[in-house]
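**Student:** what follows is a protein structure lacking sequence information:
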């Protein structure tokens, strides 16, 4: 879609000044980088990961919560490079953000989700719960999670969502590796239909494989552009790691691109400050000006595919089949090149 004149002017301003496009689309707060899994596709838990494991201190979180309102992000994601449900005060974090009028989401692998925790987060004001589940086929699941698919666990998750009736929106998000779908669109359609018809599910999001900085699985890489596109992850997002390190890149699991340390540096100053502006201006320039981590990263050379499918596609079988087929074709094209 062609950019509007307003968007064109905003981008020019960022190129010249390094100021962001606007308020963050997403501010990610990392409750912990501990995880219940060691997924092969996740760079945060690969052999390259050296950052200490820990949990965000409650007083640090409260200081951040007081600063977030000035930043005015579109949403706050309680998620970073670990499993957020491991943090013992996650429902309290949700409540503090909701009381400040902030739309809050949690992204989880679902391992620790139970009726009590779901009810506590939902009643605390959680806006969205996103459950990562790559179980389209057993092969797809194993490639993503590194172990065999547990149908008992999936049945438990379905039963929990169906019976809990939470007030928050629940979405399923799945990494799709098209080469591991033997029947292609048919298997994808079965997966999407199975979740969209479940009471309590608002939508299903499908996305392709994205390599991490210093961690890419060649067998899952598809189309690679000859020249890197401009990476725009840091133009309107920001992440605060569990120890207060602030980075503009959501894939920067080691904090190598840090622009400040919270709460000493306010989130607003980190987002609009000199170091953040310097990095954005560099990203608009030649790749030789990028940080080493960015020069080695394959993300800007990959097709970024994310397809959200909502319950409205169930209105007719023709619409459903067309949307799922389109999603499969986009994912397959991005993988095959």
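**Tutor:** Here it is on my side, so go on. These numbers were taken from a predicted model, which means no experiment stands behind them.
**Student:** so which bits of the helix or strand encompassing residue 141 are buried?
**Tutor:** If you go by DSSP states H and E, residue 141 is part of helix 138-145. Buried residues in helix 138-145, counting neighbours by 16 or more other Cβ atoms under 10 Å, are found at 140, 141, 142, 143, 144, 145. In short, each C-beta sits where N, CA and C put it, glycine included.
**Student:** how about the helices in the stretch 101-250 of the chain?
**Tutor:** Applying DSSP state H, counting those that start in this stretch to the stretch 101-250 of the chain gives helices spanning 115-123, 138-145, 151-164, 185-196.
**Student:** ok, of those helices, where does mean pLDDT dip lowest?
**Tutor:** Of all the helices of the stretch 101-250 of the chain, the minimum mean pLDDT falls on helix 151-164 (a mean of 89).
**Student:** which residues are in contact with that helix?
**Tutor:** 110-111, 113-115, 118-119, 122, 131, 133, 135, 170, 198-201 (Cβ atoms under 8 Å, 6 or more residues apart in numbering).
**Student:** in strands only, show me those.
**Tutor:** Under the assignment DSSP state E, these contribute 131, 170, 201 to strands.
**Student:** how about CSV for the residues you listed, with distance to residue 64, pLDDT and neighbour count added?
**Tutor:** Below are those laid out as CSV (distance: Cβ to Cβ, whole Å; pLDDT from 0 to 100; neighbours: other Cβ atoms under 10 Å):
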residue, distance to residue 64, pLDDT, neighbour count
131, 25, 98, 20
170, 26, 96, 20
201, 31, 96, 20
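**Student:** these two touch, right, residue 320 and residue 185?
**Tutor:** No - applying Cβ atoms under 8 Å as the test, residue 320 and residue 185 come out as separate, 11.1 Å apart.
**Student:** pLDDT (mean, whole number) over the helix ranked longest in the chain?
**Tutor:** Criterion DSSP state H: the longest helix present in the chain is helix 317-336. Helix 317-336 carries an average pLDDT of 94.
**Student:** residue 123 is in contact with residue 98, correct?
**Tutor:** No - look at residue 98 against residue 123 with Cβ under 8 Å: they stay out of range, at 9.9 Å.
**Student:** more neighbours: which of the two?
**Tutor:** Here residue 98 and residue 123 are compared on neighbour count by other Cβ atoms under 10 Å; more neighbours surround residue 98, at 18 against 15.
**Student:** check the average confidence over stretch 101-108, would you?
**Tutor:** Taken as a whole, stretch 101-108 carries a mean pLDDT of 97.
**Student:** to what extent is residue 9 buried, counted in neighbours?
**Tutor:** Residue 9 sits with 11 neighbouring residues when counted by other Cβ under 10 Å.
**Student:** and it, how far from residue 111?
**Tutor:** 46 Å (Cβ to Cβ, to the nearest Å).
**Student:** and what of residue 283?
**Tutor:** 35 Å.
**Student:** between these two, tell me which one has more neighbours.
**Tutor:** residue 283 (24 against 14).
**Student:** now that one, nearest residue through space, not along the chain?
**Tutor:** Closest residue to residue 283 apart from its sequence neighbours, by Cβ to Cβ, 6 or more residues apart in numbering: residue 231 at 5.9 Å.
**Student:** residue contacts, residue 235?
**Tutor:** Per Cβ under 8 Å, 6+ apart, neighbours of residue 235: 14, 20, 21, 280, 283.
**Student:** and what of residue 102?
**Tutor:** Shown in contact with residue 102 (Cβ under 8 Å, 6+ apart): 68, 69, 73, 75, 76.
**Student:** so the last one sits in a strand?
**Tutor:** Think residue 76. Yes - counting by DSSP: H, G, I helix; E, B strand; the rest coil, residue 76 is part of a strand.
**Student:** list the contacts for it?
**Tutor:** Contacts of residue 76 by Cβ under 8 Å, 6+ apart are 26, 27, 28, 29, 68, 97, 102, 103, 104, 105.
**Student:** 6 Å instead, please
**Tutor:** Residue 76 makes contact with 27, 97, 102, 104, according to Cβ atoms under 6 Å, 6 or more residues apart in numbering.
**Student:** which of those sits closest to residue 267?
**Tutor:** For residue 267, the nearest member of the contacts of residue 76 is residue 27. The distance, counting by Cβ to Cβ, is 7.4 Å.
**Student:** burial count for that closest one?
**Tutor:** By the measure other Cβ under 10 Å, the count of residues near residue 27 is 25.
**Student:** what's the spacing between it and residue 102?
**Tutor:** From residue 27 over to residue 102 the distance is 9 Å, taken as Cβ to Cβ.
**Student:** any stretches of the stretch 201-337 of the chain with poor pLDDT?
**Tutor:** Within the stretch 201-337 of the chain, the stretches with pLDDT under 70 are 223, 337.
**Student:** hmm, 50 instead?
**Tutor:** Scanning the stretch 201-337 of the chain for pLDDT under 50 picks out nothing.
**Student:** just so I know, which of the helices of the stretch 101-250 of the chain lies nearest residue 93?
**Tutor:** helix 115-123 (9.2 Å).
**Student:** who's in contact with the closest one?
**Tutor:** Outside of helix 115-123, the residues that reach it under the criterion Cβ under 6 Å, 6+ apart are 91, 94, 164, 166, 167, 168.
**Student:** pull out the buried residues from it.
**Tutor:** Buried-residue list, helix 115-123, by 16+ other Cβ under 10 Å: 118, 120, 121, 122.
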